[in-house]
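Chemist: fold the following for me, if possible:
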Amino acid sequence: MEKAAFTTLFDKSKGLFKAGLGLKAFKELLKEWEALFEDDTVSFERYKTTVGCLVFESEINSLLEEQLKPDQLMAAIHEKFFRTRDKRCEVGQVLSHIKNKETDIYRAFNKNVQSVGLILKYDKDMFKPSKRSDSFELDSVVCADVFGIESPNAPNGFMPLCPEFYYNGQMVPKTEIFGSGYLFSPNVVVTAAHVIKEAIESIQDSKDLIFIFGLYIYKHYKDGRPNILLAKKDSIYRLNQDNLWENSQTINGDTGDSAWLKVTPLFDEGQRNSTVTTNLDARIPNPVSMSINEPVYALGHGLGVPMKLSFSGTIEHPSKNGWMGCELDIFPGNSGSPVFHANTHELLGIISGPDNLWRPEFSNKNCVSYQINLSGNQSVQTSEIELLIKKMKKHEYHH
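Modeler: Residues are numbered from 1 along each chain as shown. Below you'll find the model as predicted:
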């Protein structure tokens, strides 16, 4: 890779980012990047979607902030796009490093991001005053302190996450965490049915189930460790129905694992709590979008940490009896996460599992890491959204 050619292409890319790229122009730019590398250890294939376009730009722009010398920048670019890297990234980093936020691609992605939430148990002491008047600081703990694995060989019977594990030092709310969900409309959340079942075992009062939307790292830190978690006041919701489990709102069994819940803002009953205006038929995905090999992405809170994007997934097993299989890099806590088409940003389904997508790896007797199964042989079981929408229509869920 010649330094002069690299510098020229880098400058061209910066200009295109500022102008705002569409998918066609972005794919042409990627062809130039691919031609720049002379070996096959680097791959840009996973970026060739509209969501991949945003991720690619954010990663290039984040490297620019480090003000590296040309040789260092070339090495960093090679490392960034190395073929075997997994396909997860920080949502906050993507949003903050896009130069032109007026493109249709950015707006569609950001709308989905702001509608994805963490589902957790309410604690009256969990919201603290913040320097930002529109936000609360969440009572939080380090992920490694609460996530790990039970082990009879470890002190106190618990083996924490290893220090080198990616999420080890990130913060999680200091309360019980059940999974992820998606704000389908102003007063309805969709999630996995088994997430609700787990919540029932812990929650006595249905109003103690809350949802925090748009919870991602607002500022990107080099070590990935923000000191605090901030939650915007108007993005915190509570359950707004007497019972947590309603059969009429749930698909649970051979035809899927999904449910919808009525919600309302926790602190301002009038905020974003309008009657549903969503055209449900318009939310049913195009059948073409559900075909095998179609590109997908997921947003959610694996291990309860700030929101992550799993991009460059595909539909591995097409729709059958309410289920489809997707190739996505996720962790426990992503149950209930929405799956979107990576070009159209349509909501396609809700993540259910399976647990054997990841495995614990013991680097020593003192700690544990989670490893994604990258063989492509384990699909994320995803419950189709269309069947849940049909159930919503039957029961006039907006009343």
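Chemist: could you list the domains of this protein?
Modeler: Domain ranges of the chain: 3-85, 112-394, per automatic domain parsing.
Chemist: just so I know, which of these lies nearest residue 92?
Modeler: Proximity to residue 92 (CB to CB) singles out domain 112-394 among the domains of the chain, at 4.0 Å. No exception for glycine: its C-beta is placed from N, CA and C like everyone else's.
Chemist: so the spatially most central residue of the chain bridges to which residues?
Modeler: For the chain, the residue nearest the mean C-alpha position is residue 299 (2.0 Å; CA atoms, centre = their mean). Per DSSP bridges, the residues bridged to residue 299 are residue 309.
Chemist: correct me, but it touches residue 313?
Modeler: No. Under the criterion of CB atoms under 8 Å, residue 299 is not in contact with residue 313, lying 11.5 Å apart.
Chemist: that older thread, against residue 173, how distant is the residue nearest to the centre of the chain?
Modeler: 18 Å (CB to CB, to the nearest Å).
Chemist: please apply the same query to residue 5.
Modeler: Taken as CB to CB, the span from residue 5 to residue 173 is 48 Å.
Chemist: with residue 89 instead?
Modeler: Using CB to CB, we find residue 89 at a distance of 21 Å from residue 173.
Chemist: the two: who's more crowded?
Modeler: Comparing residue 89 with residue 173 by other CB atoms under 10 Å, the one with more neighbours is residue 173, at 25 against 18.
Chemist: surely the more buried one meets residue 118?
Modeler: Yes. Between residue 173 and residue 118 there is a contact at 7.2 Å, judged by CB under 8 Å.
Chemist: show me where the stretch 151-300 of the chain has its helices.
Modeler: With helices called from DSSP state H, counting those that start in this stretch, the stretch 151-300 of the chain shows them at 193-200.
Chemist: oh, that last question was meant for the stretch 1-150 of the chain, not what I typed.
Modeler: Going by DSSP H, counting those that start in this stretch, the stretch 1-150 of the chain shows helices at 3-19, 23-36, 50-64, 70-80, 91-96, 104-114, 143-146.
Chemist: can you redo the ones you listed as CSV with mean neighbour count, distance to residue 126 and mean pLDDT?
Modeler: Shown next, in CSV, are those (neighbours: other CB atoms under 10 Å; distance: least, CB to CB, whole Å; pLDDT from 0 to 100):
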stretch, mean neighbour count, distance to residue 126, mean pLDDT
helix 3-19, 14, 38, 87
helix 23-36, 15, 41, 89
helix 50-64, 22, 30, 91
helix 70-80, 14, 36, 81
helix 91-96, 22, 21, 92
helix 104-114, 17, 21, 96
helix 143-146, 18, 14, 79
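Chemist: among those helices, which comes closest to residue 330?
Modeler: Closest among those, using CB to CB: helix 91-96, at 13.7 Å.
Chemist: remind me what the closest one packs against, helices and strands.
Modeler: On a contact count with 3 or more CB pairs under 8 Å, 6 or more residues apart in numbering; DSSP states H and E, helix 91-96 meets helix 50-64, helix 104-114, strand 308-320.
Chemist: low pLDDT regions in the stretch 201-350 of the chain?
Modeler: Where the stretch 201-350 of the chain drops to pLDDT under 70, the residues are 218-227, 269-278.
Chemist: I'd say residue 159 and residue 367 touch.
Modeler: Yes. Judged on CB under 8 Å, residue 159 makes contact with residue 367 at a distance of 6.1 Å.
Chemist: what is the neighbour count of residue 264?
Modeler: 18.
Chemist: not counting sequence-adjacent ones, nearest residue to it?
Modeler: residue 240 (4.0 Å; CB to CB, 6 or more residues apart in numbering).
Chemist: repeat that for residue 94.
Modeler: residue 58 (4.4 Å).
Chemist: how about the contacts made by the one you found?
Modeler: Taking CB atoms under 8 Å, 6 or more residues apart in numbering, we find residue 58 in contact with 89, 93-98.
Chemist: before we move on, back to that, dump the residue contacts of the residue nearest to residue 264.
Modeler: The contact partners of residue 240, taken as CB under 8 Å, 6+ apart, are 187, 262-264.
Chemist: can you select the buried ones among those for me in PyMOL?
Modeler: In PyMOL, a selection of the buried entries from these looks like this (16 or more other CB atoms under 10 Å):
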select buried, resi 187+262+263+264
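Chemist: tell me which two of the contacts of residue 240 sit farthest apart.
Modeler: 262 and 264 (7.5 Å).
Chemist: ok now stretch 18-32, how far from the chain's centre?
Modeler: 24 Å (CA atoms, centre = their mean, to the nearest Å).
Chemist: swap in stretch 340-349?
Modeler: The answer for stretch 340-349 is 13 Å, by CA atoms, centre = their mean.
Chemist: flag every buried residue along it.
Modeler: 340-349.
Chemist: how about those in CSV, adding secondary structure and distance to residue 105?
Modeler: Listed next are these as CSV, based on DSSP: H, G, I helix; E, B strand; the rest coil; distance: CB to CB, whole Å:
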residue, secondary structure, distance to residue 105
340, strand, 12
341, strand, 13
342, coil, 11
343, coil, 9
344, coil, 11
345, coil, 8
346, coil, 14
347, strand, 16
348, strand, 18
349, strand, 21
